[in-house]
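> just coords:
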């Protein structure tokens, strides 16, 4: 398909009629109340059947397309719709034999995120889709701030192949992109499972504790060794926790109160809960921190490690129970899905580090959030903008949906920037 930025000619999808026996009526111009009503009233005075309708409004500009069966009084239909267009100050085009654009087998939703999103990037993605033998049937905007997000409905493509093709282009263009199969499964109930440190919250809690204990440099060296594959996560965690021995337990509350949520985290969780999604967190960190998040945000499920506190009110340098490591995170995701009655294919895992790779692999949609390169490569898609609510767009939830729900609940969302 050639690149046709929205608004463009509406898609004509024929049902029970061949293209030779159809008329495609397209009305364009400044939108105003009553356009749709008057156009259909004009068409209704003739013996035609409506086969397809599509209407798009972008910044007050209307594109309304109606595909109808052709009849002997075609000239009268053209005159009637032209009269309506003249009355409303619009342009109209009537084309005989609207082409059959029924979707080819195979479909996908392609979500594009950019900050900013430049025309050359959209053009490049469109070229890749065409080269894969697929067609763009529809483009809608999901968000215009703080990031720009578009959703492309694509037909005639194998989603798995398309994902590979577009991932390379997204990297070249410096944008984020997700490809998901079309169909009802995309709108079914989902479970979103998220890492905590450097994902749901900013920073690493164990480093904040280490700084209070005066052992930040030692902890950093152990973390680096683990990142280079010299230590596995469990061993590195136990070594770091031992360095916290003797730290007053009250320090946990102090650090917990200092932890900041990632921008967009509240919006994301609030919106998912309204839509009856289940939301969970899994952390290689500590329950003393995650318990506050569960209460504050209304999180459904949580799994994390627990620091042992001695009778003297100080950390013993040990953990209580089994360690929630890389495999433990994947097991927690499966357990939460079973409790929620959600198949693994309908789970979404979001994380940033190697410890999240297993849960990203078993989930239906794995999202790397501002992640290290090897995590981005393993995930289905990546989000590199600093706003966690951008994950909503991957689920087909628009910014308008979020703000409408906020307004209904009396929650005041920040005003968008003036453009």
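Noted; the coordinates are in hand. Everything numeric here is computed off the predicted structure, so don't read it as measured data.

> what about residue 132, neighbour count?
As a burial measure, residue 132 scores 17 neighbours (other Cβ atoms under 10 Å). (Each C-beta comes from the backbone N, C-alpha and C, glycine too.)

> my error: substitute residue 110 in the last question.
26.

> again with the one 4 residues further on
A count of neighbours around residue 114, defined by other Cβ under 10 Å, yields 20.

> and what of the one 3 residues further on?
When counting by other Cβ under 10 Å, one arrives at 19 neighbours for residue 117.

> distance of it from residue 140?
Residue 117 sits 14 Å away from residue 140, taking Cβ to Cβ, to the nearest Å as the criterion.

> what bits of this protein have low per-residue confidence?
Along the chain, segments meeting pLDDT under 70 span 1-20, 98-106, 184-189, 228, 412-419.

> so residue 177 touches residue 109, yeah?
No - using Cβ atoms under 8 Å, residue 177 is not in contact with residue 109; the gap is 11.1 Å.

> I figured residue 27 hits residue 90, correct?
Yes - Residue 27 lies in contact with residue 90 (Cβ under 8 Å); the separation is 5.4 Å.

> what sits in contact with each of these two?
35, 62 (Cβ atoms under 8 Å, 6 or more residues apart in numbering).

> those two: which has the busier surroundings?
Neighbour totals were compared for residue 27 and residue 90, and residue 27 leads with 23 against 20 (other Cβ under 10 Å).

> bridged to the closest residue in space to residue 182 that isn't next to it in sequence, which residues?
Nearest non-adjacent residue to residue 182, counting by Cβ to Cβ, 6 or more residues apart in numbering: residue 107, 3.5 Å away. Beta-bridge partners recorded for residue 107 (DSSP bridges): residue 155.

> shouldn't residue 107 be in contact with residue 152?
No - checked against Cβ under 8 Å, the pair residue 107 and residue 152 is beyond contact range at 10.9 Å.

> who has more neighbours, these two?
Taking other Cβ under 10 Å, residue 107 and residue 152 do not tie; residue 152 has more neighbours (22 against 19).

> ok, that one to residue 364 distance?
20 Å.

> and the residue nearest to residue 364 when sequence neighbours are not counted, how many neighbours does it have?
Closest residue to residue 364 apart from its sequence neighbours, by Cβ to Cβ, 6+ apart: residue 345 at 4.3 Å. The number of residues packed near residue 345 is 13, by other Cβ under 10 Å.

> and residue 21, by the same measure?
15.

> now do residue 124
18.

> residue contacts, it?
169, 172-173.

> what subset of those residues is buried?
169, 173 (16 or more other Cβ atoms under 10 Å).

> among the contacts of residue 124, find me the one that's closest to residue 226.
Using Cβ to Cβ, residue 172 comes nearest to residue 226 of the contacts of residue 124, at 31.7 Å.

> quick one, phi/psi of the closest residue to that closest one other than its chain neighbours?
Leaving aside its sequence neighbours, residue 172 sits nearest to residue 124 (Cβ to Cβ, 6+ apart; 7.3 Å). Dihedral pair for residue 124: phi -60, psi -40, per degrees, to the nearest 10.
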